[in-house]
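Undergrad: fold the stuff below for me.
(4 chains)
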Amino acid sequence: MSAAPATLYETMAACLARDFADGEVGFTGLLTGQAAAIYGTSIPIVAMELARRQHAPNLTLLLAGCYHNPDFSALETMPDSEHDATLRDLPAEAQTYDYPGQWALKRGDISFGFSSAVQVDRQGNINSVCIGPHDRPKVRLVGPILQPEHMTLFRREYIMMPHHERRNFVEKVDYVSGVGYPGGLEGRKELGLDWGGPAWVITPKCIFDFDRERGFMKVRSIHPGVTAEDLQGATGFDLGDLSGVPTTEALSAEELRIIREEIDPRQMLLKH
Amino acid sequence: MSAAPATLYETMAACLARDFADGEVGFTGLLTGQAAAIYGTSIPIVAMELARRQHAPNLTLLLAGCYHNPDFSALETMPDSEHDATLRDLPAEAQTYDYPGQWALKRGDISFGFSSAVQVDRQGNINSVCIGPHDRPKVRLVGPILQPEHMTLFRREYIMMPHHERRNFVEKVDYVSGVGYPGGLEGRKELGLDWGGPAWVITPKCIFDFDRERGFMKVRSIHPGVTAEDLQGATGFDLGDLSGVPTTEALSAEELRIIREEIDPRQMLLKH
Amino acid sequence: MAAPKSKLMSLTEAVDMVPDGTRLALGGFAVYQKPMAFVRELIRQGRRDLTVVGSANSYDIDMLAAAGCLATVETSYVGLEKYGLARHFRRAVEAGELKVVDYPEMVSWDRFRASQEGLKFWPIPFLGGNDVVTYNDAIKEFPCPITGRRMFAVPAADPQVVVIHAVAADDRGNVVLPARRLLPQSGDVLMARSCDTVIVTAEKIVPHSFIKRHARLVEIPSYRTKAVVEVPFGAHPTPVLGRYLADEDHLAEYVAASDSADSFKGYMDRFVTGPADHFDYLDRIGAKRLAAIQDMDSLL
Amino acid sequence: MAAPKSKLMSLTEAVDMVPDGTRLALGGFAVYQKPMAFVRELIRQGRRDLTVVGSANSYDIDMLAAAGCLATVETSYVGLEKYGLARHFRRAVEAGELKVVDYPEMVSWDRFRASQEGLKFWPIPFLGGNDVVTYNDAIKEFPCPITGRRMFAVPAADPQVVVIHAVAADDRGNVVLPARRLLPQSGDVLMARSCDTVIVTAEKIVPHSFIKRHARLVEIPSYRTKAVVEVPFGAHPTPVLGRYLADEDHLAEYVAASDSADSFKGYMDRFVTGPADHFDYLDRIGAKRLAAIQDMDSLL
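TA: Alright, predicted model coming up:
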C-alpha cells in the first residue's frame, strides 16, 4: 500500500460512506472534466464502494444512472462518456436501457444522488441554467438537466462543488434549477415536495449540512488546513459563528487500506 | 382448387377485404371457441391477407395485437391462445412485447379492429360485462376487456357476431362496455370521442352498417338464403323497411382462388 | 465484503406477508404465467377479504373466488379464454358475494403505470359514455389543464403487495427475464415497479453469477424485491414462457370440476387443501405430465 | 402480391419534408447518435426559424445555432459533455437571438410520452419552486383530480417531424435496433412513437429478410415511418452504438473552431456547406479516421 497520506478526496469519500445506510440505492452521473469528474463521479463511487465493503453490503451503486453495481475491476480506464460502448460491455448486475426503467424514479427508489452546479445559495437551491437574466443571460449554461429530479425525487442529495468561491456560493441563485429549502421543510411541503432535498454540500474547503427546519446551510466540518476566515471569505453569504465547527474527520487506516488496496488499486478513480 | 362453392365465411372475408384501404393497420385478437374464433380471428385474417394480395400490399396485420404480418405458412396448426410459445416463435415483421409498444394506440395508429360481444344494440353499443344489473347480474360475463379501446381509439371497428338472435341484438345493452353512436357523431363528440366507433356488424344473417350522423344501425346487405322476415324475427329492434336491401355480394372466382390456393391452402383458417 | 442479505423464504412465510384484507396484485396476464402456487397457499392459509387488482385474470381469481378469499376484484377480464367463463367467479358475482370494479384492458395497465410514476391517477380521454365510469365513483372527470377537453382521472392501482412468478431470481431478489418475453412478462415487470412490497416466486433460484451473466435481462433489481421463493412449476397449470406450456389436461379437469361448488370440492381436496406442500401437489400432478409440458426457449 | 411501397429517398428529399418554421425533434441523446448528416443538410438548405424540441442536445443544436437555423429550443441540456458548453448555442442565447424553454431531463422524456399517448400534457407533481415553471407559461398548475394536491401539467412535446438515426431499416420503414441498446436508442424509439411524420436515416438499408430475422428488435414498424434514407456514418462525429464510436479527433477540431463565429467559418466551409454531398463529407473526414472509430457489437 502506498505510504502517501490520505488525500482530501479520500477523506471526503470516507465521510460520505459513513452517511450511507445499508440497502440504499445511490445514483451517480458520469461527469467529465478533471475536477467535476472527481467530485461528481470518482468520490461518489469510492464512497459507495467503501460503504459496500463495510456496513452496507446491500447498497446498490447506479453508475451513470444505468449500471447496477458494475465491476470496476473490469475497466481498463475510467470511461468519460455516459452512453457509449465501453459501458454497454461493463459487467454489472442490471442495465437500465429505457425510461421508465428498473428504478421507479417518481416513487422514490433512489436514496441519494450527487449534483454539481455553477451556483448554490444559502437555502440550498442550485443553478446550472444561466448567470444573469434568463432571457438575455450573461452566461448561458447547459440547462436544468436532471437537477429538478435530483432535488425532489431522490430521497436526499449530496451537492458536490469542485470550486468554492464567492461566485459559486451566492445569497440567491440566478435561476433555481434544483430546489433547496425555501421556507424550510414547511416551505418544501407547501411547494408540493413530499421528500428529498440537499443533505450535504461538499467543497474543497468544508462540508455543509442543513438546518432543514429553518431552511439554511450550515458548516458541518472544515477541512484540515482551511481557516474559518478563508472559508467565510470564499462564501458569498454569512456563515455565522464558526468557532465551534469541528475539523473534517480523518479516515481510519482501515478505510484508507480498503480504498487503496481493494477499490482503487490502479488509481483509476483517485490518484494519491 | 376445391370445387366446393364459396362458403358464407369466405364471402364475409371478401366483403371485409374490399373495405380495407392500403396502408392501414388491422388488429385481431386470438379468439377461441369454434364460432367465436371463426368470426373474431379466422375471417379477419383471411380478409386482411386477401386485401394484402389485391389492392392493399401495405396493410399491416397485427395478429393477437402483437405479431406484425406473421407468416401463416409457418404454422402447423392455428394457435388457440394469445401469449404462448407458439406465437413467440412465429416468423413476423415485428413483435409487440410491451405496453405501450410499437403502435401508438392512443394516437390512433390502429385503423380497424374486430370485436365480438354478447349484446349489441341499435346504437352500436356492445356489452361483454353482464346481463342484468351490474352489481347483482343474472349472468356475469368476462368484463370490458379491450372493448372500450376498440370502440374509441381504433379508427373504426368491425363487430363480429357469431350468433344472431333476439337476445344478442337488443334495444339497449345492459352494460355499455364499448360505445357506439349514442346521439350520433355529434353525441360521440360530446362524449369527448374524437374518432372511431363501429363501422359494420357482421352476423350469420347479414351485414349492418351505420347511419353515423343519426346514430343507428341499418342493414347493409342480407346473406343469400336469409329472408327479411328471418332477419327481423331474430333481431330485438325494428330494422325498418328491408325491401331495398341487396343480397351480400358474392366473391369473385379470383378472390376465392386467392383464399383457397394462396392464403389458406391447408384449410387451417376456414374449412370448406 | 460482507455477504448481501438473502431474501429467500418459504412459500408459507411469503404468504404471511399478505394478511386478510390486503390489496393484492397477481402477476401474469389472463391465463398466462399466474403465480398459482402462491394462490393455492393463500387458500390453504384461509386468507379472507382480499382485493385483487389486476390487468386480466383467470384461474387465479376463479380459484380464490371458489375458496371465498375475495372481497373485490378490479380488472378488465376474468375468464378462462378457450374454456369460457370463470365459473366460480361468475357464481360469486351473481350471488352478490364478490364485488367487481371493471376497467378497460389498457387502462388497467395504465393504473399500474400511475403507481410506478407515484401518481394517484392516470389521465384518460376516451371513457365518455362507457359504463365503466357509471359504476365507478373512484373515476373522476376533470378538464385537461391545457385544452379544457373532457378527461377522466382513473385511480392508480396502488397494490399493497405484488406477487409475480418468474423464470429465475437470485437470493438477493434480482429477477431475470427471458430475452424474448411477451406481454404477460412485461406486465410482471410493470407490476413489480408499481409497489414497494414485491414477492417473487421463481422457477429457479440462480447464483449471483447467473444474474451478472444476464445483466441486460435483469428487469427487476434486488432493491425492488422484498421476498424470493423457489417454486418450480410455480405457475402450473398456467404456462411459464420458455419453461413449460399450459397443462391442458389439468385445465380441462379444473373446468370439468367447476360445474358447481359441490363438484369442485373434490378438486380442492385433491390439489389445494389436501397436498402437504407444493411438492406434494406436483407429485399429484405426476412426473409424466410435468415432463410432457416442457417448453424450449432459444438456445442462442 | 404487389410489392409494398418503398419509402426510400435522398437526404435532400427528406430535408424537403422540414420547411422553415417546423417544430422538429432530433433523435439521439446528448452527444450520442445524433442525426448529424440530416442536420448538415438542413444547414445546406438554409432552413430558418426551426423549433427543436428534445430531451438532451449537443452538436445538433450547436451547429444549427451557428448557422442561424433556430428560433427556439425546448430541452433539458445543450452542452458538449466533456468539452463543456456549446459555444454557438451559448452565444446565440446570450445575444437574445435564440429562445430557450428549459425542461427537466425526465420531464423532457415525459413530454414525448404525452405525445405518444395522444395527451396534451403530462402530470408532474415535483416542479414547485423550480424556475422551470417561472419562465414557462405553457406549464399549467392544476389540482390532482383525486387528491387535490398541487400538480403541474407540462405540455406534450408534439413535434411536427421527428428525425432519428438508426443502425438499419428496410425500404418500407421497418427499423431494427441492436439487442443491447442503451438510453439514447430508447429515446429514439419513444420519439418515433410520438409523431406521425417520422424520418429515419439509417447506416444501412437492409433487405426485408433481415427485418424478419430480427422481428423482436423491430421497435419501429413501417406504419410509423414516412421516409427512409441510407446514410452510412450518418451520425458522425457522434457515435452509433454497435457501429462506430465518437470521432474524438473531429470533435476536438469542432470545439477548437468554435471560439467565435469567425473562427467557425472555416469549419463550416470545409465540413458543412462545402461538401457536394454526404459522401464528399466522408471523404473529407477520410477513410483512415472512419476505420479507426469502428465499434464491434456482440457477435452472438
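
Undergrad: ok, the residue in the stretch 201-300 of chain C that chain A sits nearest to - how many residues close by?
TA: Residue of the stretch 201-300 of chain C nearest chain A, by Cβ to the nearest Cβ: C:V218 (3.7 Å). The C-beta positions use only the backbone N, C-alpha and C, and glycine is treated the same way. Residues near C:V218, counting by other Cβ atoms under 10 Å in any protein chain shown, number 24.

Undergrad: hey, where'd the strands end up in the stretch 101-250 of chain A?
TA: Assigned by DSSP state E, counting those that start in this stretch, the strands in the stretch 101-250 of chain A fall at A:112-115, A:119-121, A:126-127, A:130-131, A:139-140, A:156-160, A:169-170, A:198-202, A:206-211, A:216-222.

Undergrad: before we move on, what about chain C?
TA: Using DSSP state E, the strands of chain C run over C:23-26, C:50-53, C:70-75, C:99-102, C:121-124, C:140-143, C:150-155, C:161-169, C:175-176, C:198-205, C:218-220, C:227-230.

Undergrad: columns distance to chain D on top of those, output as a markdown table?
TA: Below are the strands of chain C laid out as a markdown table (distance: least, Cβ to the nearest Cβ, whole Å):
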| stretch | distance to chain D |
| --- | --- |
| strand C:23-26 | 16 |
| strand C:50-53 | 15 |
| strand C:70-75 | 15 |
| strand C:99-102 | 15 |
| strand C:121-124 | 5 |
| strand C:140-143 | 4 |
| strand C:150-155 | 4 |
| strand C:161-169 | 17 |
| strand C:175-176 | 15 |
| strand C:198-205 | 22 |
| strand C:218-220 | 13 |
| strand C:227-230 | 26 |
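
Undergrad: quick one: which of the ones you listed is nearest D:T12?
TA: In terms of Cβ to Cβ, the element of the strands of chain C nearest to D:T12 is strand C:121-124, at 40.9 Å.

Undergrad: is that closest one up against chain A anywhere?
TA: No: residues of strand C:121-124 are not located near chain A by Cβ under 8 Å from any Cβ of the partner chain, the shortest gap being 12.9 Å.

Undergrad: just how off-centre is that strand within its chain?
TA: For strand C:121-124, the separation from the chain centroid amounts to 23 Å (computed by Cα atoms, centre = their mean, to the nearest Å).

Undergrad: what's that strand packed up against?
TA: On a contact count with 3 or more Cβ pairs under 8 Å, 6 or more residues apart in numbering or on different chains; DSSP states H and E, strand C:121-124 meets helix C:105-116, strand C:150-155, strand D:121-124.

Undergrad: at 7 Å instead, please
TA: Helices and strands touching strand C:121-124, by 3 or more Cβ pairs under 7 Å, 6 or more residues apart in numbering or on different chains; DSSP states H and E, are helix C:105-116, strand C:150-155.

Undergrad: format the strands of the stretch 101-250 of chain A as JSON lines; extra columns: distance to chain C and mean neighbour count.
TA: Output for the strands of the stretch 101-250 of chain A, formatted as JSON lines (distance: least, Cβ to the nearest Cβ, whole Å; neighbours: other Cβ atoms under 10 Å in any protein chain shown):
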{"stretch": "strand A:112-115", "distance to chain C": "13", "mean neighbour count": "26"}
{"stretch": "strand A:119-121", "distance to chain C": "27", "mean neighbour count": "25"}
{"stretch": "strand A:126-127", "distance to chain C": "22", "mean neighbour count": "27"}
{"stretch": "strand A:130-131", "distance to chain C": "26", "mean neighbour count": "24"}
{"stretch": "strand A:139-140", "distance to chain C": "28", "mean neighbour count": "19"}
{"stretch": "strand A:156-160", "distance to chain C": "16", "mean neighbour count": "26"}
{"stretch": "strand A:169-170", "distance to chain C": "32", "mean neighbour count": "22"}
{"stretch": "strand A:198-202", "distance to chain C": "19", "mean neighbour count": "24"}
{"stretch": "strand A:206-211", "distance to chain C": "24", "mean neighbour count": "20"}
{"stretch": "strand A:216-222", "distance to chain C": "28", "mean neighbour count": "19"}
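
Undergrad: next, format those as JSON lines and append distance to B:R212.
TA: Shown next, in JSON lines, are the strands of the stretch 101-250 of chain A (distance: least, Cβ to Cβ, whole Å):
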{"stretch": "strand A:112-115", "distance to B:R212": "54"}
{"stretch": "strand A:119-121", "distance to B:R212": "60"}
{"stretch": "strand A:126-127", "distance to B:R212": "56"}
{"stretch": "strand A:130-131", "distance to B:R212": "54"}
{"stretch": "strand A:139-140", "distance to B:R212": "53"}
{"stretch": "strand A:156-160", "distance to B:R212": "56"}
{"stretch": "strand A:169-170", "distance to B:R212": "63"}
{"stretch": "strand A:198-202", "distance to B:R212": "58"}
{"stretch": "strand A:206-211", "distance to B:R212": "63"}
{"stretch": "strand A:216-222", "distance to B:R212": "65"}
